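>>> Fold the following, please.
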Amino acid sequence: MDSNKRSSSVFLNSLNIRTEVEEHPDVLVAGAGVMGLFYALHLQKILPKAKILVVDKHQRPTYKIGESTLSNFTKFCNDHVLPPEFMLRLFAVKDGLQFYGVDHPEQTFSDAAHVDIGGLDVSYQVERDVLELLLCRVAQRKGIQVLFDCKINAEESTINTASKHVPVALSRERFDLKPKFVCDATGEASVFASKFQKPVRDQTAWNTNAYWGYFRQKSSANTDIKLPHWNRVATRHLCFPEGWVWFIRLLSWEGTSIENLTRMIDYLLDQHEAGVPEDKLPCVTQLAERFGCAYKVVMSIGITVRTDADEAIGRDVVERDAEARFNYWRTKYRILNETMSHFDLEEYAGRTFFVRKRLAYRVPQVTGRGWLAIGNASGFTNPIYSPGMNVGVLQSFKASEVTAKSFFHGDLSENNLIEIYRDWHEKTLDFLGKDVRFWYNCFRHRDLFESMLGTKMAFITGNEFLNFRAGMMWDDLAWVWGAFDEKFCAYVNQTLDLLDDTFPDGKLPAVDEQIRSSIRNAGQALVQQHLLPNLTTAPWGRYFSNYDDRLNRTPGKTRRTRGNYEFVQCTSCGHWRADYMSTCPMCGEKTETPFSYPIHTA
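Numbering: from 1, shown residues only. Coordinates of the predicted model:
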């Protein structure tokens, strides 16, 4: 460990309101990542007098993948962190999701299938370590103690008893923590949860691998890429039978010192607390100059493929590095290869390519006597719509509510409340595992892509027409994008039963027209007869380019009508923003007539 890294932890730890280590916290959170800090922030909101200690083994927030966010993330940030006008001084704006379907290698741009949703909310594409630093400072300013370079001795810890004991080493000092309740948010390490049962990563089960890097676009003119609506600032997914590719535009602060970045974040938090209006805020360019911060716009591009397909491509590629695997899939599909020709590879966090094998795993035990696990410490499936970040927000919300109620009832044992959390988690993870296979199967043919994906988008959105401006609610926990809707789950199961997704002889079997028709009809019936009658309103045409208000795919309709938000491009710098904003977050250009807010009450 170099002195600079050590000084980062000393600097961040010095920002806590309490200078002495809280050795008898009410709640100990292991892990200062997004999920651990979300949990701590919401718990502090509902238990303001609770003593909460967050510890992390790293010297500072570190690089992690996971950059696209959805409505529930925005709602949580509105409640606990910052509103969009401030968040967009740190992160790139995002307008929904774009999906492009490519079902054979030589397919051209004009033949690609397309499904999208947008205009619903203002969400973000985030650099994870910057997000974690922001959440850390919000937590510290609220009185939550966050300590870096604080390593847990898991072997000597006892957490499944009424009297808990967790020894930690902070820099060179040792402390014996005695918390009343423990939250394991240590990510894949599952420091506490794995003490009881090791995470299961079945080598024979359906799974996926991921390869990714960071790129700079050669030209700012997105019109060079000939896919429908590519110029929108959505999280883009280019899907093919064996997997999919993400394109996520990031505002990156890579290379900026932790001290300068923290000073800039604190300034924004101060401005928000002081009620400074959006049109008085400095833009990104001004903030960077004032605080000595370096920034650039990069594109995170990653390929996530079925493990069985990845392993069938031949040992000459399989045994080579991540870049070789990335380029194998890139060059197999003409559209992907031509799209990638518009980007140059960048070094990021000291590397060029990253790899993660067999992404999905389960943690068998996620609760116990006065403890629970959240986020990747409790399992993971696939990044197809960032469940690690977005379902994780819901999970942190539920876990903190359960924790608070346990304190309220004075029962921190493995009581009924903890069992409710465990059951919710297991049902959610079971659903997400099947849902990943559902997504991947819809990439196999254009008919499946348009019918299955349209149905899925409808259930992801649910009643968000009403809830997009609200904070996190219990209704969000009951929805989880269809996970707890029995009829939608039955549709997913029936679809998977119809589709043979084994991988004999190195390629997926064809899906005949009769099966495609059956799946298409079942999806349409589900939406028209079950989903729509149970929604308060369903103005789908505002949010989908290719569908009408009843979610019927409409030939000739290629644009969305106005949704809750419209996103416009700055005439000076080309940066995007919601058109109710009076200034460009990037360059500060004024908007003469910002759109009146709110637009729709739906």
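
>>> Residue 133 belongs to a helix?
Yes - applying DSSP: H, G, I helix; E, B strand; the rest coil, one finds residue 133 inside a helix.

>>> What's the local residue count around the closest residue to it other than its chain neighbours?
The spatially closest residue to residue 133, leaving aside those adjacent along the chain, is residue 61, at 4.8 Å (C-beta to C-beta, 6 or more residues apart in numbering). C-betas here are computed from N, CA, C, even on glycine. A count of nearby residues for residue 61, using other C-beta atoms under 10 Å, gives 26.

>>> By mean pLDDT, point me to the weakest helix or strand of the chain.
Of all the helices and strands that make up the chain, helix 464-467 has the lowest average by mean pLDDT, DSSP states H and E, namely a mean of 52.

>>> Can you name the residues that contact the residue nearest the centre of the chain?
Among the residues of the chain, the smallest C-alpha distance to the mean C-alpha position (C-alpha atoms, centre = their mean) belongs to residue 389, namely 3.2 Å. When contacts are counted by C-beta atoms under 8 Å, 6 or more residues apart in numbering, residue 389 touches 34, 66, 67, 68, 69, 73.

>>> from the residues you listed, which two are the most distant?
Based on C-beta to C-beta, the longest span within the contacts of residue 389 runs between 34 and 68 and measures 12.7 Å.

>>> buried set for the lengthiest helix in the chain?
With DSSP state H setting the assignment, residue counts place helix 416-442 as the longest helix in the chain. For helix 416-442, burial by neighbour count (16 or more other C-beta atoms under 10 Å) applies to 417-418, 421-422, 424-425, 428-429, 431-442.

>>> how close does the residue nearest to residue 133 sit to residue 71?
Counting by C-beta to C-beta, to the nearest Å, the gap from residue 61 to residue 71 is 24 Å.

>>> Find me the pLDDT at residue 578, would you?
The score at residue 578 is 88. That number is its pLDDT.

>>> Neighbours of it, how many?
The burial count for residue 578: 23, using other C-beta under 10 Å.

>>> Same check on the one 5 residues further on?
The number of residues packed near residue 583 is 21, by other C-beta under 10 Å.

>>> Same check on the one 5 residues further on?
The number of residues packed around residue 588, counting by other C-beta under 10 Å, is 17.

>>> what do you get for residue 102?
Neighbour count for residue 102, taken as other C-beta under 10 Å: 26.

>>> That one against residue 337, yeah?
No - in this structure, residue 102 sits apart from residue 337 without contact. The criterion is C-beta atoms under 8 Å, and the distance is 10.8 Å.

>>> List the contacts of stretch 326-340.
The set of residues external to stretch 326-340 that reach it, using C-beta under 8 Å, 6+ apart, is 100, 102, 105-109, 112, 211-213, 225, 227, 238, 240, 242-243, 245, 301, 303, 305, 313, 317, 353.

>>> And that stretch, how far out from the chain middle?
Averaging C-alpha coordinates over stretch 326-340 and over its chain gives two centres that are 25 Å apart (C-alpha atoms, centre = their mean, to the nearest Å).

>>> And for stretch 217-234?
On C-alpha atoms, centre = their mean, the centre of stretch 217-234 falls 23 Å from that of its chain.

>>> what about it, start to end distance?
Counting by C-alpha to C-alpha, to the nearest Å, you get 16 Å between the two ends of stretch 217-234.

>>> Could you count how many residues lie near the residue lying closest to residue 257 once chain neighbours are set aside?
The spatial neighbour of residue 257 that comes closest, neighbours along the chain excluded (C-beta to C-beta, 6+ apart), is residue 292 at 7.6 Å. Residue 292: 13 surrounding residues under other C-beta under 10 Å.

>>> And for residue 393?
Neighbour number of residue 393 under other C-beta under 10 Å is 29.

>>> Which strand or helix spans the residue nearest to the centre of the chain?
Secondary-structure element containing residue 389, defined by DSSP states H and E: helix 387-409.

>>> Does the closest residue to residue 286 other than its chain neighbours lie in a helix or a strand, and which?
The shortest distance from residue 286 to any non-neighbouring residue, by C-beta to C-beta, 6+ apart, is to residue 588 (6.4 Å). Counting by DSSP H and E, there is no helix or strand that carries residue 588.

>>> pLDDT score for residue 5?
In this prediction, residue 5 has a pLDDT value of 53.

>>> going forward can the numbers begin at 805, since that is how I track them
Yes, from this point I'll number from 805; that puts the last item at residue 809.

>>> can you list contacts of stretch 984-998?
Against stretch 984-998 from outside (C-beta under 8 Å, 6+ apart): 829-835, 837, 839-840, 843-844, 956, 958, 961, 963, 968, 970, 1003, 1165, 1167, 1169-1170, 1174-1182, 1184, 1203, 1207, 1210-1211, 1216.

>>> Can you list which of the residues you listed are found in helices?
Secondary structure of the contacts of stretch 984-998 is defined by DSSP H; positions in helices are 839, 840, 843, 844, 1203, 1207, 1210, 1211.

>>> follow-up on the earlier one: spell out which helix or strand contains the residue nearest to residue 937, please.
When secondary structure is defined by DSSP H and E, residue 865 falls outside every helix and strand.

>>> How about residue 942?
Applying DSSP H and E as the criterion places residue 942 in helix 932-945.

>>> same question, residue 1327
Secondary-structure assignment from DSSP H and E places residue 1327 in helix 1317-1330.

>>> circling back to that earlier point, just give me how far the helix holding residue 942 sits from the chain centre.
Relative to its parent chain, helix 932-945 has a centroid offset of 16 Å by C-alpha atoms, centre = their mean.

>>> Can you tell me which helices and strands that helix packs against?
Here helix 932-945 touches helix 838-850, strand 949-951, helix 1062-1077, going by 3 or more C-beta pairs under 8 Å, 6 or more residues apart in numbering; DSSP states H and E.

>>> Can you tell me the closest non-neighbouring residue to residue 981?
Spatially, and ignoring its direct neighbours in sequence, residue 981 is nearest to residue 970 (4.4 Å; C-beta to C-beta, 6+ apart).

>>> number of nearby residues for that neighbour?
Using other C-beta under 10 Å as the criterion, residue 970 is surrounded by 25 other residues.

>>> where's it relative to residue 839, distance?
Relative to residue 839, and taking C-beta to C-beta, residue 970 is found at 19 Å.

>>> Residue 822 now?
Taken as C-beta to C-beta, the spacing of residue 822 relative to residue 839 amounts to 23 Å.
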